[in-house]
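1. Give the three-dimensional model of this entry:
(chains A and B)
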Amino acid sequence: MAAKSSQQVPEKRMKTVLPARIKSVAVAVVAIGLLGGCATSGNPKDPIEGFNRAMFAFNEGLDSAIIRPVAAGYEAVLPSPVRTGVTNFFGNIEDLFIGVNNLLQGKVPEAFSDLGRVAINTTVGLLGVIDFATDAGLEKHNEDFGQTFGRWGVGNGAYVVIPLFGPRTARDTVGLVLDVSTDPVAKHNPTGTRDAALVLRLVSDRADLLAADKVVDEAALDKYSYMRDAYLQRRRNLIYDGDPPRELDASVEQDDGPAIAEAGALEPRAEAPPMPSVLAARAEPAEGK
Amino acid sequence: MKSLFACFIGLLIATTALAQEVAPDVLVKTVTNEVLDIVRHDKDIQSGNTQKAVDLVETKLLGHFNFTRMTQLAVARDWRKASAAQQKILTDEFHVLLVRTYSKALTEYKNQTVDFKPFSLKAGETDVRVRTEIRQSGAGKNIELDYYLEKSGAAWKVYDIEVGGISLVTNYRDSFGAEIRNNGIDGLIKSLQAKNKSGEATSVKK
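-> Numbering: from 1, shown residues only, chains lettered A, B, ... in the order given. Here you go, the predicted structure:
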């Protein structure tokens, strides 16, 4: 990270060093938190919950103070086609790395589809602003380095909330570092355009999530644990590309056999079905759960 | 009096007989299309009128959900420790929470369309997963929306929903579990009630 910054133009050092700084701050904060061994909860999925809640509070503060209002303004001011164009533009750049990750996961047809998307959208789609590829039948995939590692069998590791970037797992944090260091937008020169592009992408992504955010606020008893559980489930779903083995809590099904009948809803279920799925889940690439 | 009653019973039997068993995927498709159709034509809901959305959810959707089962799955092991009265309150409060959450989601509707994935019902199956996908006209990211239904008598009822792989029941299970560990079942009931009350307050402000 330090090597990268020393190559930049001196007077722009602060600005150009920013992404590198954020990375190193994030890593340092995480390391301190882990070493500090903050208060652990009883939750095996979240061994550093005290630290995470603090980071979550920080992120929520930053979001409500700066990011969300800017995103809301962005949404209010720019017409929908323009915002779609922005999302598509950055999505197109992303598609290249989605293709790389698909290739790394051995999913060759998907990788070719991703590269096809980039080819079509960059040319006919005017540098990615118009997404013709989806209409042509080339669906957008969702892959990143964290998912690739998961696919290779690396378990989740602890749940971590990183300042600014938000929820990750230990494995996905490593993936994030790779995602950030290979990000062509972050490497772009001149730096003025680059910073504008980084901010635009952040705001655009945040604006895309405004509706979902309102629903989460409505739905969640405790936003922190809701986000954590949603994030962990979502990652599992993404790693298995939408088809994860159904994770039934076997003990719930078996213990509550009589209770189900009492609830009057259904006939008592046979106890056999849950076990095979639990065994199947164990046979799948380890997830560290 | 008696003849009126008989008439009523007759009508009831007739409608029940007519109500043939609807396959789960057909059920999901019909109800989804019905609700979306209403939302598409209702500017009030689209501009944030939560009360109208709540009414829509109550009348069109809720008959197809098995709330007792959902609450029981979300509360998990502690369900048996709850008294019948507590179970009833929990179910009711969870019901309100879910209605409010759904209604909120409906007010955010912006011309999305729904793709119904191919589905085949195997003979004798009583627990199915019906897959749909929400296509957003602009932002491009599709959202998977899966329904888990169980056969209850002749009808299929929803007991879990997965949005983008995130199971509603599983998500609440951890929150509820944490709340019960800290404050007991009554504590969970109190939080749910407080949450629902504050939700009412914010929707009234609109």
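2. where in the chain is pLDDT low?
-> You didn't pick a chain, so chain A it is. Within chain A, the ranges that satisfy pLDDT under 70 run A:1-42, A:246-289.
3. Hmm, no, I was thinking of chain B.
-> In chain B (pLDDT under 70), the answer is B:1-20, B:137-141, B:200-206.
4. Would you point out which residue is most central in it?
-> B:Phe65 (4.9 Å; C-alpha atoms, centre = their mean).
5. how about the strands of chain A, start to end?
-> Using DSSP state E, the strands found in chain A span residues A:159-162, A:166-169.
6. Please identify the deepest-packed of these.
-> Relative to the other members of these, strand A:159-162 carries the highest mean neighbour count by mean count of other C-beta atoms under 10 Å in any protein chain shown, namely a mean of 24. No exception for glycine: its C-beta is placed from N, CA and C like everyone else's.
7. what's it packed up against?
-> For strand A:159-162, the contact count by 3 or more C-beta pairs under 8 Å, 6 or more residues apart in numbering or on different chains; DSSP states H and E identifies helix A:13-36, helix A:49-62, strand A:166-169, helix A:170-181, helix A:223-239 as packing neighbours.
8. one more time with 7 Å, if that's ok
-> Counting by 3 or more C-beta pairs under 7 Å, 6 or more residues apart in numbering or on different chains; DSSP states H and E, the packing neighbours recorded for strand A:159-162 are helix A:13-36, helix A:49-62, strand A:166-169, helix A:170-181.
9. does the third one come close to chain B?
-> No - using C-beta under 7 Å from any C-beta of the partner chain, no contact is recorded between strand A:166-169 and chain B, whose separation bottoms out at 12.6 Å.
10. List of residues touching that strand?
-> A:59, A:156-162, A:176, A:227-228, A:231, A:235 (C-beta atoms under 7 Å, 6 or more residues apart in numbering or on different chains).
11. ok, it: who's next to it in the sheet?
-> Listed by DSSP bridges, the sheet partners of strand A:166-169 and their directions read strand A:159-162 (antiparallel).
12. how about the closest residue to the residue nearest to the centre of chain B other than its chain neighbours, secondary structure?
-> Sequence neighbours aside, B:Val158 is the residue nearest to B:Phe65 in space, at 4.9 Å (criterion: C-beta to C-beta, 6 or more residues apart in numbering or on different chains). Judged by DSSP: H, G, I helix; E, B strand; the rest coil, the three-state class of B:Val158 is strand.
13. What is the burial count for the closest residue to chain A within chain B?
-> With C-beta to the nearest C-beta as the measure, the residue in chain B that lies nearest chain A is B:Gly165; the distance is 2.3 Å. Neighbour count of B:Gly165, defined by other C-beta atoms under 10 Å in any protein chain shown: 21.
14. show me what contacts it?
-> Counting by C-beta under 7 Å, 6+ apart, B:Gly165 touches A:Gln233, A:Arg234, A:Arg236, A:Asn237, A:Gly242, A:Pro244, B:Glu144.
15. can you redo the residues you listed as a markdown table with neighbour count and distance to B:Glu58?
-> Formatted as a markdown table, the contacts of B:Gly165 follow (neighbours: other C-beta atoms under 10 Å in any protein chain shown; distance: C-beta to C-beta, whole Å):
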| residue | neighbour count | distance to B:Glu58 |
| --- | --- | --- |
| A:Gln233 | 21 | 28 |
| A:Arg234 | 16 | 29 |
| A:Arg236 | 20 | 33 |
| A:Asn237 | 20 | 30 |
| A:Gly242 | 15 | 31 |
| A:Pro244 | 18 | 32 |
| B:Glu144 | 18 | 26 |
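16. Okay, the residue lying closest to A:Asn43 once chain neighbours are set aside and B:Ile143: tell me how far apart.
-> Taking C-beta to C-beta, 6+ apart, and ignoring the residues beside it in sequence, A:Asn43 has A:Glu49 as its nearest neighbour in space, at 6.2 Å. Relative to B:Ile143, A:Glu49 is positioned 28 Å away (C-beta to C-beta, to the nearest Å).
17. How about the secondary structure of B:Lys29?
-> From three-state DSSP, the assignment for B:Lys29 is helix.
18. how close does it get to B:Val22?
-> Using C-beta to C-beta, we find B:Lys29 at a distance of 10 Å from B:Val22.
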